[in-house]
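Engineer: give me the fold of what follows.
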Amino acid sequence: MATAEQLRQSVEGLTIPRLLRRNAEQFAALPALTTGIGPEDGTLTWSQLRAEVAALTRGLAALGLRQGERMLIAMSKRAEHWVADLAAIHLGALSCSTYDTLSTEQIRFVARHSAATVLVLEGEDQMRRWGPVLDDLPHLRAVVVLDWSAAPEGDGRFVSYQAVRGGVKPDEAAFEALTEAVTTDQPMTVVYTSGTTGDPKGVVLTHRNVIHESFMQDQLVAVPEHPRTLAYLPMAHIAERVLGIYLPICNAGHVTICADPAQLLPGLLQVRPHGFFGVPRVWEKLAAGLEARLATLTGERAEAVEQARKLALETFRLRSEGRRVPEDVAASLRRLDEEVLLPIRAAVGFDDCRRAFSGAAPIPTAVLELLASVGLDVYEVWGLSETTGAATVGVPDAFALGAVGRPGPGIEVRAAEDGELFVRGPVVVPGYLNPQGGVDPAADAEGWLPTGDLGAVDDRGIVSVTDRKKEIIITDGGKNVAPTRVESLLRAHPLVAQAVAVGDRRPYITALLVLDEETAPRWAEAHGIDADGLDELARHPEVLAAVDAAVAEANARLSRPEQVKRHRLLAGPWTAESGELTPKLSLRRRDIDRLHAATIESMYT
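Structural biologist: Numbering: from 1, shown residues only. Next comes the predicted model:
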């Protein structure tokens, strides 16, 4: 593994445009971007992708997009999204993808705050949502529309994507000059935070930030050359922005676009990714599906799988504790994994996965252990948009259950006296975009970024995170309770999709639990329950009894102040559109308090 200094030197002088040029020259015919799931979808090679970027770069320059300006992209996951992002970067402009779940007011805030001069819209859906705010954007000069039939007639601000792409004759020398002009520490993109505690912040990232993060990932956990990955998260999410766009440019990987989250399993089976990042909800659903599949095994096959799973889990726990795995145990596991567990992983597309990470929120350790028992070792990472994604990474030889790994090379993490974690290093961004176009520093004068997360660093250098500083519950008896610990234990049951602990300035902890819209019907069928929809299931005595038992099991692992005294089961589902979740599936606690105020009050009456 490279040292921090070696990694720093390898990043020096590199930019995303220069790495894209390298790929187009050295790996011209290799696949770069497959446009969807299924045999009918096409693939752009690295030379073709760069040619598309060059064409759009010329057109955007003709529209007047200049270095330092901001360009917003409101588009689904499709090849043109990648092309538009990279074209803006070649001009030195700051590209920014927006969540497709933003309300009109949220759109207005981001558009006005960014002072974007160019907006790229996909089609009718984006026009419907963005149309009401366009006249409120004084800096906006041009709106590029991919589906020209959705553009209004007679408005000179609108221009078709194809006209921009093909409107200027090729000028190879000028494009190479733009490639050379971009510098390592130049701002390249803006990522707006989810706004869980207030207005979103525009986090400014540089080429150094994203290239260091990308190189670090490859050095911490190796993957094959030109690795296969699947892009399925929102493009506005820091994880997808790095893993779906910039990391594949850094390692000349092959990205397949999964535009519809419902196609994730077919996508996994098609791509068989070498690396995969999932938010906890994705891993929880996968674990529930595997558990249901394993429950159908019988006879000798069931016995063989059970033996292999016990050995895999024993090995996983030993490594989690930092203990040596005996060689005879390791040899037995290698044999059983090849014969017994590998086919189980192959059935869900994970038979060639070398790097599996979970982040964005705590994941129940029971989920990690179930996945590990079939040979799918998932390691937690931790970071923020302000740390370009992962600042700490769990790796096979340095991880612990319930913790988030060690800081990556060149990154420091320390805990302040009050437990808040601070981060310093080349992944820490220069700061936040301000409405005047400048950048307000995110870190202090010594480079330390306050993360707002509470945690600790143990004697192995492994970091644990207990909760968000602003989300700690203080009961009216003065007891401090970390809600994510409570919620993680509650979500361990397959019936529960979401859990939120309540109790700030109240006498005890209560919880709202939401049924899993996919797992609950299967669970009901397996238990012989005939119910018409989630609403009826949420009232069924057997379902309520199972959830009561899950709460009791969680309480058995919690201290008295942390224990859930009352709970309510809701049908759900909770989504970003319904208001309870952010686009990255984090809880919007203030909105939940407002939307479910009557239910919460009923638990204290």
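Engineer: check contacts around Val329.
Structural biologist: Contacts for Val329 (CB atoms under 8 Å, 6 or more residues apart in numbering) come out as Leu311, Glu314, Thr315. Where you see a C-beta, it was placed from the backbone N, CA and C, and this is true even at glycine.
Engineer: and which of the residues you listed is nearest to Gly275?
Structural biologist: Using CB to CB, Thr315 comes nearest to Gly275 of the contacts of Val329, at 21.6 Å.
Engineer: for the closest one, give me the pLDDT.
Structural biologist: Thr315 is assigned 96 on the pLDDT scale.
Engineer: contact partners for it?
Structural biologist: Val325, Val329, Ala330, Leu333.
Engineer: that older thread, between the contacts of Val329, which is nearest Asp548?
Structural biologist: Distance to Asp548 across the contacts of Val329 (CB to CB) is lowest for Glu314, with 31.9 Å.
Engineer: what about the closest one, neighbour count?
Structural biologist: As a burial measure, Glu314 scores 15 neighbours (other CB atoms under 10 Å).
Engineer: by neighbour count, which of the contacts of Thr315 wins?
Structural biologist: Neighbour counts for those (other CB under 10 Å) peak at Leu333, which has 19 neighbours.
Engineer: check whether that one really touches Ala312, as I assumed.
Structural biologist: Yes - using CB atoms under 8 Å, Leu333 is in contact with Ala312, at 6.1 Å.
Engineer: re earlier: and the contacts of Val329, which is closest to Glu386?
Structural biologist: Nearest to Glu386 among these, with distances taken as CB to CB, is Thr315, at 35.7 Å.
Engineer: and this structure, what are its domains?
Structural biologist: According to automatic domain parsing, the chain comprises the domains 4-270, 277-470, 473-602.
Engineer: first vs last residue of the first one, how far apart are they?
Structural biologist: Spelled out, that is domain 4-270. 36 Å (CA to CA, to the nearest Å).
Engineer: what does the last one give?
Structural biologist: The stretch domain 473-602 measures 19 Å between its terminal residues, going by CA to CA.
Engineer: got it, and stretch 505-525?
Structural biologist: Using CA to CA, the end-to-end distance of stretch 505-525 comes out at 41 Å.
Engineer: on that earlier part again, worst mean pLDDT among the domains of the chain?
Structural biologist: For these, mean pLDDT drops lowest on domain 473-602, to a mean of 87.
Engineer: pull the distance from it to the chain's centre.
Structural biologist: 23 Å (CA atoms, centre = their mean, to the nearest Å).
Engineer: can you tell me the centre-most residue of the chain?
Structural biologist: Ala239 (4.2 Å; CA atoms, centre = their mean).
Engineer: what segments of the stretch 451-600 of the chain are helices?
Structural biologist: For the stretch 451-600 of the chain, applying DSSP state H, counting those that start in this stretch gives helices covering 483-490, 519-526, 533-537, 541-555, 589-595, 597-602.
Engineer: what's the most buried one of those helices?
Structural biologist: Highest mean neighbour count among the helices of the stretch 451-600 of the chain (mean count of other CB atoms under 10 Å): helix 483-490, with a mean of 23.
Engineer: elements contacting it?
Structural biologist: strand 463-468, strand 496-502, strand 509-515, helix 541-555 (3 or more CB pairs under 8 Å, 6 or more residues apart in numbering; DSSP states H and E).
Engineer: in what helix or strand does Leu140 lie?
Structural biologist: Per DSSP states H and E: Leu140 is located in neither a helix nor a strand.
Engineer: show the contacting residues for it.
Structural biologist: Neighbours of Leu140 in contact, by CB under 8 Å, 6+ apart: Ala111, Ala116, Thr117, Val118, Leu119, Leu134, Arg157.
Engineer: on that earlier part again, verify the stated contact: the residue nearest to the centre of the chain with Gly389.
Structural biologist: Yes - assessed by CB under 8 Å, Ala239 is found in contact with Gly389 at 5.7 Å.
Engineer: need the residues touching each of these two.
Structural biologist: Gly359.
Engineer: which stretches of the stretch 51-200 of the chain form strands?
Structural biologist: 70-74, 94-97, 118-121, 142-145, 158-160, 187-192 (DSSP state E, counting those that start in this stretch).
Engineer: now the angle between strand 70-74 and the longest one, please.
Structural biologist: Going back to what we said before, that points to strand 187-192. Angle, strand 187-192 to strand 70-74, by axes from the mean of the first three to the mean of the last three CA atoms, to 10 degrees: 50 degrees.
Engineer: who touches strand 187-192?
Structural biologist: Under CB under 8 Å, 6+ apart, the answer for strand 187-192 is 15-16, 68, 70, 85, 89, 94-96, 98, 110, 114, 182, 200-207, 210, 236, 238, 241, 385, 430, 433, 439.
Engineer: next helix or strand past it?
Structural biologist: Per DSSP H and E, strand 187-192 leads on to strand 202-206 as the next helix or strand towards the C-terminus.
Engineer: can you tell me which of the contacts of Val329 are in strands?
Structural biologist: Taking DSSP state E, every one of these sits outside strands.
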